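**Student:** I'd like to go over a predicted model; first the sequence, then the structure.
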Amino acid sequence: MRKLRLILGDQLNSEHSWFQKTDENTLYVLAEMRQETDYVKHHIQKVVAFFLSMRNFYTHIKSKGHKSIYFEISDIENPQNLEKIISKCIEKYRIQKFEYQLPDEFRLDEELKKICSNLTIPSEAFDTEHFFTNRTELSEFFEGKKLLLMENFYRYMRKKHHIIMDGSTPLGNQWNFDASNRKKYKGEVPVPSEKKFQKEVSKIVQQIREAEISTIGNIELNSFSWPTSREQSLEVVDYFCKNLLKHFGDYEDAMHTDEKFLFHSRLSFAMNSKMISPKEVIEIVISYYHKNESNITISQIEGFVRQILGWREYIRGIYWKEMPNYAQMNVLNNTNKLPDFFWTGKTKMNCMSHAINQSLDDAYAHHIQRLMVIGNFTLLTQINPDEVDAWYLGVYIDAIEWVELPNTRGMSQYADGGIIATKPYVSSGSYINKMSNNCAKCYYNVKDKFGEKACPFNTLYWNFLDEKKEYFKGNQRMGMMLNMLNKISPEELYKIKIKANEIIENMDSY
């Protein structure tokens, strides 16, 4: 039997059981496709990172003796479409069985099911052997429960996989050290520069431009710094352990205008493309922690593990539990348009300017910038979650729909009505001031509501609560804020709403 095995761009797992032995009768196919570059407008660095990583993976498996074929974006023979590529290979190489690994995006899962149903040869799907969980484990865990609390799932995962546990007790006698992960960074300790690889990418960028693929964002042609191979990804893990882990948890939620990456690992692209697995990342980092417990506290390692073992697996489980309806949810009926400055970075709001320009320059912003700056603003200005989703999915190098959609539409925009978050993550300018130095040099005054230079977040926050108060009146976690809203005089509330609506109608002038 001659088999064709498909490898998608986010399935670059060289440790997969498929590659444990070579087989003369098995052909692997990887393809750069317009189908994948065009379904949303992606950041140029995201396209480059995936293409480079795919090419490196192809070179690696060929060097190990696996028969493989690769379609570059500029190949004349490239049909640029998944179904056509599979059909072309089946016919050309007289394939007798088609195999693929389960995709992590719903649209590709549906497409591959349809393709297989139309084939005249047998087909079979395999697990990617990447995640700690399967698609349905979260649904089974929460069966019969109303609240899908991540913390409950996280503790279950810790116990099941015996990660930072002492028997049945969590290491440090505490499940969650989140309260220790909220320090504002004031320059107390120097931040090491990020791990860079300084790759030259002008050829691949030229191919992308000649193909007339529409992209967003910027790129340095002579110093592309993201890891694009398993070896480089493991180097980033090692660098994180030796240089960043010691202070990761402390400043996990901090923001600083002079420090784009702070102590974050920048491993999400490497993991989401499956060049490295969450299991090996956690094992390496925990092993390093145990060898260095004298100068690394438990709160640093627990905060890191929680993001991967807890949040990452939880978000994936929510995605497969709730799709496809999840992608259309908009319970707050937000319909406004995304302002133009999301593509230019030109805004006088210092926090937004830094977060958006960083996103455009680096295809990266850490979770608090995404949630409490950009996401906060889009929710307060009541932007249509479809537009917010498309921007987040396109601009970030690690954004694949299974992880982007629940984080954006659920956690950030509350469009799912509380499936993920028990309350909307909104704030006035005070939270941003508390967790960053953005406000100190901002054009706007974080303590002012109504003046010409009043921080837009302040009136937008109270306006949002007033606009959505009927929806949130039964939400216990919103009770205190709604009580505070009720204490605002009608005259002041009128001024708030006038100011907020002026901002919403003229976002690009702020």
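**Tutor:** Arrived safely, thanks for sending.
**Student:** What are the buried residues along stretch 223-242?
**Tutor:** Neighbour-count burial for stretch 223-242, counted by 16 or more other Cβ atoms under 10 Å, picks out 224-230, 232-234, 236-237, 239-241. Where you see a C-beta, it was placed from the backbone N, CA and C, and this is true even at glycine.
**Student:** Apologies, that question was intended for stretch 415-435.
**Tutor:** 415-416, 418-421, 424, 426-429, 431-433, 435.
**Student:** quick check, nearest of the residues you listed to residue 462?
**Tutor:** Residue 462 has its nearest neighbour among the buried residues of stretch 415-435 in residue 428, at 7.6 Å by Cβ to Cβ.
**Student:** Now for the closest one: which residues touch it?
**Tutor:** Contacts for residue 428 (Cβ atoms under 8 Å, 6 or more residues apart in numbering) come out as 455, 457-458, 461-462.
**Student:** Dump these to JSON lines, plus pLDDT, distance to residue 469 and secondary structure.
**Tutor:** Formatted as JSON lines, the contacts of residue 428 follow (pLDDT from 0 to 100; distance: Cβ to Cβ, whole Å; DSSP: H, G, I helix; E, B strand; the rest coil):
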{"residue": "455", "pLDDT": "97", "distance to residue 469": "22", "secondary structure": "coil"}
{"residue": "457", "pLDDT": "97", "distance to residue 469": "18", "secondary structure": "helix"}
{"residue": "458", "pLDDT": "96", "distance to residue 469": "18", "secondary structure": "helix"}
{"residue": "461", "pLDDT": "97", "distance to residue 469": "13", "secondary structure": "helix"}
{"residue": "462", "pLDDT": "97", "distance to residue 469": "11", "secondary structure": "helix"}
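**Student:** Going through those residues, which ones are buried?
**Tutor:** Buried among the contacts of residue 428 by 16+ other Cβ under 10 Å: 455, 457-458, 461-462.
**Student:** Nearest to residue 152 among those?
**Tutor:** residue 461 (29.8 Å).
**Student:** Distance of the closest one relative to residue 496?
**Tutor:** With the distance defined as Cβ to Cβ, to the nearest Å, residue 461 ends up 9 Å from residue 496.
**Student:** tell me which residues in stretch 158-170 are buried?
**Tutor:** So for stretch 158-170, counting by 16+ other Cβ under 10 Å, buried means 158, 163-164, 170.
**Student:** Contacts only, for the closest residue to residue 186 other than its chain neighbours.
**Tutor:** Excluding the flanking residues, the one nearest residue 186 by Cβ to Cβ, 6 or more residues apart in numbering is residue 437, at 7.8 Å. Applying Cβ under 8 Å, 6+ apart to residue 437 gives the contacts 186, 255-257.
**Student:** Where do the strands of the stretch 101-250 of the chain begin and end?
**Tutor:** Counting by DSSP state E, counting those that start in this stretch, the stretch 101-250 of the chain has strands at residues 123-126, 165-166, 169-170.
**Student:** Export those as CSV, with columns for distance to residue 139.
**Tutor:** Below are the strands of the stretch 101-250 of the chain laid out as CSV (distance: least, Cβ to Cβ, whole Å):
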stretch, distance to residue 139
strand 123-126, 19
strand 165-166, 25
strand 169-170, 25
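**Student:** These into JSON lines, with extra columns for mean pLDDT?
**Tutor:** Shown next, in JSON lines, are those (pLDDT from 0 to 100):
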{"stretch": "strand 123-126", "mean pLDDT": "98"}
{"stretch": "strand 165-166", "mean pLDDT": "94"}
{"stretch": "strand 169-170", "mean pLDDT": "94"}
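**Student:** so which of those comes closest to residue 293?
**Tutor:** Taking Cβ to Cβ, strand 165-166 is the member of the strands of the stretch 101-250 of the chain nearest to residue 293, at 13.1 Å.
**Student:** which stretches of this protein have low pLDDT?
**Tutor:** 1 (pLDDT under 70).
**Student:** Look through it and tell me its longest helix.
**Tutor:** In the chain, with assignment by DSSP state H, the single longest helix is helix 44-63.
**Student:** who's in contact with that helix?
**Tutor:** 7, 9-10, 12, 14, 19, 28, 30, 32, 37, 68, 70, 72-73, 199, 201, 204-205, 208, 213, 215-219, 224, 226, 228-230, 269, 273, 275, 362-363, 394-397, 399.
**Student:** what's in contact with the helix or strand that that helix is followed by?
**Tutor:** Downstream of helix 44-63, the first helix or strand assigned by DSSP states H and E is strand 67-71. With Cβ under 8 Å, 6+ apart as the test, strand 67-71 has contacts from 22, 24, 26-33, 54-55, 58, 61-62, 77-79, 85, 89.
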